[in-house]
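S.K.: Predicted structure and sequence below. I'll ask about it afterward.
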Amino acid sequence: MKKFNILQILGLLILVIVFFNSVFVVTETQQVVITQFGKPVGEAITTPGLKFKTPFIQKVNYFEKRFMEWDGDPNQIPTKDKKYIFVDTYARWQIIDPLKFYMRLTNERGAISRLDDILDGETRDYIANHNIEEAVRTSNRIPIPSGALGEAIGDTLSNIEVGREKIQKMILESANKQTADLGIVILDLKIKRINYVAEVQEQVYQRMKSERIRIADQFRSEGQGEASKINGEKERDLQTIQSEAFRKAEEIMGRADARAAAIYAGAYDKSPAARELYGFVKSMETFEKSLDKETQIILSTKSDLFRYLKGMK
């Protein structure tokens, strides 16, 4: 009886082992290829749920269904205009045919290695066939700052015919043609970074500095010319205002002198006393303007000034 129970237990264990070896679960993020002695059996399983296989002789190979990342290494690439730059790219890819993927690439490590060859090669080819401006810029817009400085900088930029965005699309299209029979698709590719190699960075910085100095000198020269023009107009306007003011002042003084002369003449004609007073006042004005404290004069006894001074005593 005891021996019978042991056989039952062993049989049950064998059934459990066989059951668990023939059953597997596929999640929403997985897709499966069943292989038997290393060769694929049937179609790929892409729907989630509980699945069955032949125990012990068949193997379950799981593959990712979600988007995956490819991050390339920076490569030194010469451009069409013979400038050496480092180009760093990244991409997103997906397994769309697990069966073909397994037969051609086996696993994700093999896929990454194949993508390295394809994407690095295509990037090198397309960058080498275009000038560096095409790889850096996408459009011909005038860069910030806007206005006169932006226009001056814009004049120094080369015209873009292809641009970075189109180069990325061309690399993506060409790479997908090579991966069409691998069971994968490259969803997107971007150039993450472009930089000069160390040997030419200093030359580029010096050229950029010289260009900015040239633009600054141009604006400084234009500013000095405009300042000279403004100063010239200011001096001309100032001379005009001063001349007009002097003319008006002379006219006012002339009218005042004429009025004073008329008053003096009227007073002179009225009486002898007024004539005496007028002569005295004019003599005193002459005396005030001509003499100071240190002046010595000799007067004739017949002069009017001497007669007035003597009469004052």
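M.R.: Yep, it's here.
S.K.: Following the lowest-mean-pLDDT helix or strand in the chain in sequence, what is the next regular element?
M.R.: Taking mean pLDDT, DSSP states H and E as the measure, helix 148-155 is the helix or strand of the chain with the lowest mean score, a mean of 51. On the C-terminal side of helix 148-155, the nearest following helix or strand under DSSP states H and E is helix 164-179.
S.K.: Pull out the buried positions in that next one.
M.R.: For helix 164-179, a neighbour-count test (16 or more other CB atoms under 10 Å) marks Arg164, Ile167, Gln168, Met170, Ile171, Leu172, Ser174, Ala175, Asn176, Gln178, Thr179 as buried. Bear in mind the C-beta positions are built from the backbone N, C-alpha and C, glycine included.
S.K.: Give me the contacts around the helix or strand just after that helix.
M.R.: Tracing the chain past helix 164-179, the next element assigned as helix or strand by DSSP H and E is strand 184-196. By CB atoms under 8 Å, 6 or more residues apart in numbering, the surrounding residues in contact with strand 184-196 are 67, 70, 74, 83-97, 101, 105, 111, 115, 119, 123, 132, 135-136, 164, 167-168, 171-172, 175-176, 179, 201, 204.
S.K.: and strand 184-196 with helix 164-179, angle?
M.R.: Angle, strand 184-196 to helix 164-179, by axes from the mean of the first three to the mean of the last three CA atoms, to 10 degrees: 140 degrees.
S.K.: ok so, going back, closest one of the buried residues of helix 164-179 to Leu13?
M.R.: Closest to Leu13 out of those is Thr179 (46.7 Å), distances taken as CB to CB.
S.K.: What's the per-residue pLDDT of that closest one here?
M.R.: On pLDDT, Thr179 comes in at 93.
S.K.: what sits against it?
M.R.: Applying CB under 8 Å, 6+ apart, one finds that Thr179 lies in contact with Trp93, Arg114, Leu115, Ile118, Val185, Ile186.
S.K.: If you go by neighbour count, which of those are buried?
M.R.: Trp93, Arg114, Leu115, Ile118, Ile186.
S.K.: Name the nearest of those residues relative to Gly49.
M.R.: Distance from Gly49 was checked for each of the buried ones among the contacts of Thr179 by CB to CB. The minimum falls on Trp93, at 25.8 Å.
S.K.: could you say what helices and strands the helix or strand hosting Ala216 packs with?
M.R.: For Ala216, the host element (DSSP H and E) is helix 198-270. Helix 198-270 sits against helix 148-155, helix 272-290, with contacts defined as 3 or more CB pairs under 8 Å, 6 or more residues apart in numbering; DSSP states H and E.
S.K.: mean pLDDT for these: which is lowest?
M.R.: Across these, the lowest-scoring stretch is helix 148-155, with a mean of 51.
S.K.: that older thread, let me have the buried ones among the contacts of Thr179 in TSV, extended by distance to Gln242, secondary structure and pLDDT.
M.R.: Converted to TSV, the buried ones among the contacts of Thr179 look like this (distance: CB to CB, whole Å; DSSP: H, G, I helix; E, B strand; the rest coil; pLDDT from 0 to 100):
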residue	distance to Gln242	secondary structure	pLDDT
Trp93	82	strand	97
Arg114	88	helix	95
Leu115	83	helix	95
Ile118	83	helix	95
Ile186	80	strand	96
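S.K.: Dump the residues you listed to TSV, plus distance to Gln30.
M.R.: Supplementary listing: the buried ones among the contacts of Thr179 in TSV, determined by distance: CB to CB, whole Å:
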residue	distance to Gln30
Trp93	17
Arg114	21
Leu115	21
Ile118	25
Ile186	21
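S.K.: out of those, who's nearest Lys39?
M.R.: Using CB to CB, the buried ones among the contacts of Thr179 come closest to Lys39 at Arg114, 21.1 Å.
S.K.: right, and that closest one touches Leu105 too?
M.R.: Yes - applying CB atoms under 8 Å as the test, Arg114 and Leu105 come out as touching, 6.1 Å apart.
S.K.: Need the overlap of contacts for these two.
M.R.: When contacts are counted by CB under 8 Å, 6+ apart, Arg114 and Leu105 are jointly contacted by Leu182.
S.K.: Contacts only, for Thr35.
M.R.: Applying CB under 8 Å, 6+ apart, the residues contacting Thr35 are Val41, Gln58, Lys59, Asn61, Tyr102.
S.K.: three-state assignment of it?
M.R.: When the structure is split into helix, strand and coil by DSSP: H, G, I helix; E, B strand; the rest coil, Thr35 lands in strand.
S.K.: Walk me through the domains of the protein.
M.R.: With automatic domain parsing as the criterion, the domains of the chain are listed as 2-64, 68-196, 275-313.
S.K.: possible to save those as a markdown table with distance to Glu222?
M.R.: Rendered in a markdown table, the data for the domains of the chain read as follows (distance: least, CB to CB, whole Å):
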| stretch | distance to Glu222 |
| --- | --- |
| domain 2-64 | 62 |
| domain 68-196 | 9 |
| domain 275-313 | 56 |
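S.K.: Name the stretch among those that sits most buried.
M.R.: Highest mean neighbour count of these: domain 68-196, a mean of 16 (counted as mean count of other CB atoms under 10 Å).
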